[in-house]
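K.L.:
Attaching a predicted model along with its sequence, questions to come.
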Amino acid sequence: MASVPRDGASRSARSYVLRGSSVMKGYLNNPAEANEKAFKGGWFLTGDVGVVHSDGYVEIKDRSKDVIISGGENISSVDVESALYGHPAVQEVAVVAMPHPHWGETPCAFVALKKEFESGAGEVSEEELVAFCRSKMAHFMVPRKVVFVEELPKNATGKVQKLALRERARGLRPRAADKKRPDPSRPATMAAVSKL
């Protein structure tokens, strides 16, 4: 396990591990195999991914199981969700990985709209939310599919059940405009790249 530089020189996301006298040694009544997955060499594997800023501030970006790997790029689902929460029509959102024929996986957003935007003159389309995201983030981070739901599935404590959404996203496909593969015989241009 590599240490994160103390001065925060590296802004790349890293997995966080903990060790110390106040860190548990295992989960109570858990099989030994399960504890072996959570602990390596005395270190507790938190499952969190984050960065250390130059001032020493640690920012947790996401859970490692929620990071989307698209064409080799790591995408924080939390970053995409934060951008979508900036749209005035979005009540709640969860972003998960969806299969993509070329990139492996891409972001898929499940969005519940505020009541006043659900129907009528204030109705919001998938294209509008995708365009909104394009204005806020790098192209590879933009959701390739937006699924409108009445509400997000939650457990008894109110936490969004991303596992259920990941299962649902497995059966989805990206919008037709996003399925194209790059043509290797054509020189890449910014216009061509932006349509991938």
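P.N.:
Now that the structure is in, tell me what you want to look at.

K.L.:
what about the strands in the chain?
P.N.:
14-18, 39-40, 43-52, 58-63, 68-70, 73-75, 90-100, 104-113, 145-148 (DSSP state E).

K.L.:
Of those, which is nearest residue 156?
P.N.:
strand 90-100 (17.2 Å; Cβ to Cβ). For the C-beta atoms, the positions are set from N, CA and C on the backbone; glycine is no exception.

K.L.:
the helices in the chain, which residues?
P.N.:
According to DSSP state H, the chain carries its helices in the segments 32-38, 77-85, 126-134, 162-170, 190-194.

K.L.:
Select, out of the ones you listed, the one closest to residue 66.
P.N.:
helix 77-85 (4.6 Å).

K.L.:
Kindly format the C-alpha coordinates of the closest one as CSV.
P.N.:
Output of helix 77-85 as CSV, limited to C-alpha atoms (Å, rounded to 0.1, in the frame of the first residue of the first chain):
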residue,chain,number,x,y,z
SER,A,77,-20.3,9.1,-8.8
VAL,A,78,-20.5,11.8,-6.0
ASP,A,79,-19.0,14.4,-8.4
VAL,A,80,-21.5,13.7,-11.1
GLU,A,81,-24.4,13.7,-8.5
SER,A,82,-23.2,17.1,-7.1
ALA,A,83,-23.3,18.6,-10.6
LEU,A,84,-26.8,17.3,-11.2
TYR,A,85,-28.0,18.7,-7.9
